[in-house]
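S.K.: Please find the sequence and the predicted model below.
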Amino acid sequence: MKVLTVTLNPALDLTVQAPGWQPGAVNVVPRAQTDAGGKGVNVAALLADWAAQSGEALSVSAGGFLGAGNASAFEALFRERGIADVFTRIPGETRLGVKIVDPQASSTTDFNLPGVQVSAAQLEEMLGHLSGLARQQDAVVLAGSLPPGVPPDLYARAVAALAQGGSGPLLAVDTSGPALRELLQAERLPQLLKPNIHELEAALGRLLPSDADRLDAARELLARGAEWVALSLGEEGAWLVWEGGAVRALPPRVDVVSTVGAGDAMVAGLVSARLAGLDPAAALRRATAFAAGNITRLGAKLPPYDELMALHPQVRLQKGC
Ligand SMILES: Nc1ncnc2c1ncn2[C@@H]1O[C@H](COP(=O)(O)OP(=O)(O)OP(=O)(O)O)[C@@H](O)[C@H]1O
Ligand SMILES: O=P(O)(O)OC[C@@]1(O)O[C@H](CO)[C@@H](O)[C@@H]1O
């Protein structure tokens, strides 16, 4: 099975581990690490990990824009994990993403920078490069924010183009802000959507405080063509809603190192499960185990196979109505 992940706005994530840090004070940092990241890059890395561990035949490509000035960390990741690099290089440097992790407060604070300005010509070149490739895939994952210069309806347009004729790849989208708002207003939704609760509330312009509100909102998206809506709730787990039902996962307790990429691990779990023909409940169990495993490490990385498989039965599933 072939999967292409698309990251228009990747990030070089600088994770600073700062127990008890205080804003406005001098904080001495015992440890920091830089990882090639961005949502689609993380999904590709996690899918490649899973393929290597499980023997599920997945061939993973990653594309989008990369700043030519600091591409080496990304290139090293792609080499290490056997990911085909189909990124378009543009002048400048891929943005930094600053993540401050405080194990004492169990918190992760994100600073996501805007990214490199993209011109209309660069966008056309990248889309031209990826559109043929996308049609040859079993799944295409469009993930993350859009960099400056890219119109907010880009994902909506890409989904409409790739879904034409109904025989295209499985399309999964994980985005936020204006890109999610535009996508949710489009005529055609992708088969798989994974917003977190805050992203969905912001895109719909209303709060979703109860389970009933959340299931209703997910079902509105099903009515417009989505097949699986995964609504993630941070440490409270996630709902997966499909036409035949809904299931809630409660994650296992793990020693959290950094929650960065938890949602990307969930997307990787859902996409791999769907390609392997798992039913929605089994897919959500896998996705929640991937997320729990990923947050025990820095960067987009699954734990070793035995540890990952041991997390699966620890995911509690509850049927929704
Ligand atoms: N503190 C935690 N403990 C256990 N599991 C967690 C925790 N935080 C997140 N998860 C798991 O990860 C999944 C996705 O988390 P979340 O809702 O925060 O996604 P997200 O906001 O898209 O993440 P990100 O943008 O950082 O990748 C959750 O459904 C849950 O299973
Ligand atoms: O600005 P976006 O694209 O929404 O999010 C970017 C980002 O926070 O997402 C990943 C975690 O999901 C990180 O690797 C990266 O820094």
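M.R.: Done, it's in. Ligands and ions are numbered 1, 2, ... in the order given.
S.K.: quick one: residue 179 is in a helix?
M.R.: Yes. Per DSSP: H, G, I helix; E, B strand; the rest coil, residue 179 lies within a helix segment.
S.K.: Wait, it touches residue 158, no?
M.R.: No. Using CB atoms under 8 Å as the test, residue 179 is too far from residue 158 to be in contact (10.5 Å). C-beta coordinates here come from the backbone N, C-alpha and C atoms, glycine included.
S.K.: Can you find the helix or strand of this structure with the lowest average pLDDT?
M.R.: strand 107-112 (a mean of 91; mean pLDDT, DSSP states H and E).
S.K.: Please see if it touches ligand 2.
M.R.: Yes. Contact of strand 107-112 with ligand 2 (CB under 6 Å from any ligand atom) involves 110, 112.
S.K.: Flag every buried residue along that strand.
M.R.: Of the residues in strand 107-112, 108, 112 count as buried by neighbour count, 16 or more other CB atoms under 10 Å.
S.K.: got the contact list for residue 84?
M.R.: 59, 60, 61, 62, 78 (CB atoms under 8 Å, 6 or more residues apart in numbering).
S.K.: Following the chain past the helix or strand hosting the second one, name the next helix or strand.
M.R.: Meaning residue 60. Per DSSP states H and E: residue 60 is located in strand 59-67. As assigned by DSSP H and E, the chain's next helix or strand after strand 59-67 is helix 72-81.
S.K.: which other residues reach that next one?
M.R.: Outside helix 72-81, the residues touching it (CB under 8 Å, 6+ apart) are 10, 12, 34-36, 41, 44-45, 48-49, 52, 60, 62, 66, 83-85, 87, 94.
S.K.: what does stretch 186-194 give?
M.R.: By CB under 8 Å, 6+ apart, stretch 186-194 touches 142, 153, 156, 159-160, 163, 170-174, 183, 221, 224-232, 263, 266-267, 270-271, 274.
S.K.: same thing but at 7 Å, please
M.R.: Outside stretch 186-194, the residues within contact range by CB atoms under 7 Å, 6 or more residues apart in numbering are 156, 159-160, 163, 170-174, 221, 224-230, 232, 263, 266-267, 270-271, 274.
S.K.: mind checking the end-to-end distance for it?
M.R.: The first and final residues of stretch 186-194 sit 16 Å from each other (CA to CA, to the nearest Å).
S.K.: Quick check: the gap between residue 168 and residue 191.
M.R.: 10 Å (CB to CB, to the nearest Å).
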